[in-house]
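Visitor: predicted model, plus sequence, below.
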Amino acid sequence: MSLILLVQASPIVLPEASTQAVVEDRIFLILLAVSAAIVLLVLTLVIGFSIVYRAGSAARRGPLPIWIRHEFEIGWTSATIFAFLFIFWWTASSQLHLQTVPRSALEIHVVAKQWMWKIQQPSGVREIDTLHAPLGIPVKLVMTSQDVIHDFYVPAFRLKQDVIPGRYTELTFTATEAGTFQVFCAQYCGLDHARMNADVVILPPADYARWIADQPEGDTLAGEGEKIFASHGCGGCHGQGAAVHAPPLDGLYGSRVPLAGGGFALADENYIHDCILLPHKRVPAGYAPIMPSFQGVLSEDQLVPLIAYIKTLKAKP
């Protein structure tokens with residue numbers, strides 16, 4: 001059903017509306033040309049041999065000298081291996097380059113739910129099934145799901161990423177064309193899966209800033225998270241002067257945390273998410289597993305700003 005909607009709603013040639021789209025299309029066209037050339041070569045050889053060695057022809061059918069056979073086999077095998085390694089290196093390096101997230105990227109949070117996309121801007125502005133983003137500025141989407149696996153798919157950007165419950169996934173893009181582009185859920189997620197669509201609205205930076213300013217005023221994402229932090233008593237254990245021996249949160253995000261069972265964990269969004277809902281999963285070294293689980297107490301809508309607040313806490317000098 002979603003494929004039918006995609007075909008009906010999209011032109012034959014999709015726009016290249018992001019830097020990723022240009023790279024993906026170049027890779028696709030070059031691989032298509034290489035595949036077509038190989039098919040044409042094989043087809044030509046099959047037809048040529050069928051004609052030359054047809055029944056009753058005078059073509060020589062004896063075996064070739066062994067040195068010719070060996071050199072030919074070594075040559076085409078080596079050429080194929082080197083061609084494969086070059087194509088693999090080229091495509092892999094292009095993909096890895098696109099996954100690099102600049103420090104200045106605009107971080108927008110996306111929460112998927114049957115059957116809608118809930119978006120929250122860094123300023124705290126909330127949207128449903130619409131995502132506004134600036135033109136020419138790197139954007140990082142931090143995504144999670146409240147129920148089942150969804151998939152955030154923007155054909156015009158050539159981007160697709162699974163959105164998984166209980167886990168954060170990221171998607172980075174830089175838009176190169178202003179306009180409205182459609183979002184599809186590319187993972188079957190239930191009865192109204194085919195209707196789980198949204199729009200990405202790309203605006204010039206000045207227009208995007210005006211749009212943000214025109215929205216109703218409210219707390220930023222981190223400001224909202226600070227209120228959740230206080231209202232649920234998190235500062236009683238993790239605040240300054242707390243009587244409970246709990247890990248400090250200042251400077252936690254992005255650090256390497258030693259674990260009680262040995263090894264280290266990178267304190268990214270997924271680690272902080274697990275510490276809140278599954279506190280006994282990866283206990284920091286030197287601390288007792290006494291933190292209660294907030295599973296069923298905090299929803300994903302509350303965890304997003306709470307984690308955003310924890311990310312803003314800087315290490316004390």
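Guide: All right, it came through fine. Numbering: from 1, shown residues only.
Visitor: can you tell me how far His245 is from Gly136?
Guide: Distance of His245 to Gly136, given as C-beta to C-beta, to the nearest Å: 48 Å. For every residue, glycine as well, the C-beta is placed using N, CA and C.
Visitor: try Trp90
Guide: Distance of Trp90 to Gly136, computed by C-beta to C-beta: 26 Å.
Visitor: tell me which stretches of this structure form helices.
Guide: 2-9, 19-52, 66-98, 205-214, 221-231, 235-238, 269-277, 300-312 (DSSP state H).
Visitor: got CSV for the ones you listed, with distance to Ala194, mean neighbour count and mean pLDDT too?
Guide: Output for those, formatted as CSV (distance: least, C-beta to C-beta, whole Å; neighbours: other C-beta atoms under 10 Å; pLDDT from 0 to 100):
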stretch, distance to Ala194, mean neighbour count, mean pLDDT
helix 2-9, 5, 12, 43
helix 19-52, 24, 12, 90
helix 66-98, 29, 11, 81
helix 205-214, 29, 13, 90
helix 221-231, 31, 18, 83
helix 235-238, 44, 15, 78
helix 269-277, 30, 19, 86
helix 300-312, 23, 21, 84
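Visitor: ok, back up a step: settle it for me: which of His245 and Gly136 has more neighbours?
Guide: Using other C-beta atoms under 10 Å as the criterion, His245 and Gly136 rank with Gly136 on top: 13 against 10.
Visitor: pull up the gap between the more buried one and Phe173, please.
Guide: Per C-beta to C-beta, Gly136 is found 11 Å from Phe173.
Visitor: who's in contact with Ala79?
Guide: The contact partners of Ala79, taken as C-beta atoms under 8 Å, 6 or more residues apart in numbering, number zero.
Visitor: how does this protein divide into domains?
Guide: Per automatic domain parsing, the domain ranges recorded for the chain read 14-98, 106-214, 221-312.
Visitor: endpoint to endpoint, the first one covers what distance?
Guide: So that's domain 14-98. Taking C-alpha to C-alpha, to the nearest Å, domain 14-98 runs 20 Å from one end to the other.
Visitor: quick one: it to chain centroid distance?
Guide: For domain 14-98, the distance from its own C-alpha centre to the chain's C-alpha centre is 32 Å (C-alpha atoms, centre = their mean, to the nearest Å).
Visitor: pull up the distance across stretch 291-308, start to finish.
Guide: For stretch 291-308, the end-to-end distance is 20 Å (C-alpha to C-alpha).
Visitor: correction: the previous question concerned stretch 199-208.
Guide: Using C-alpha to C-alpha, one end of stretch 199-208 lies 15 Å from the other.
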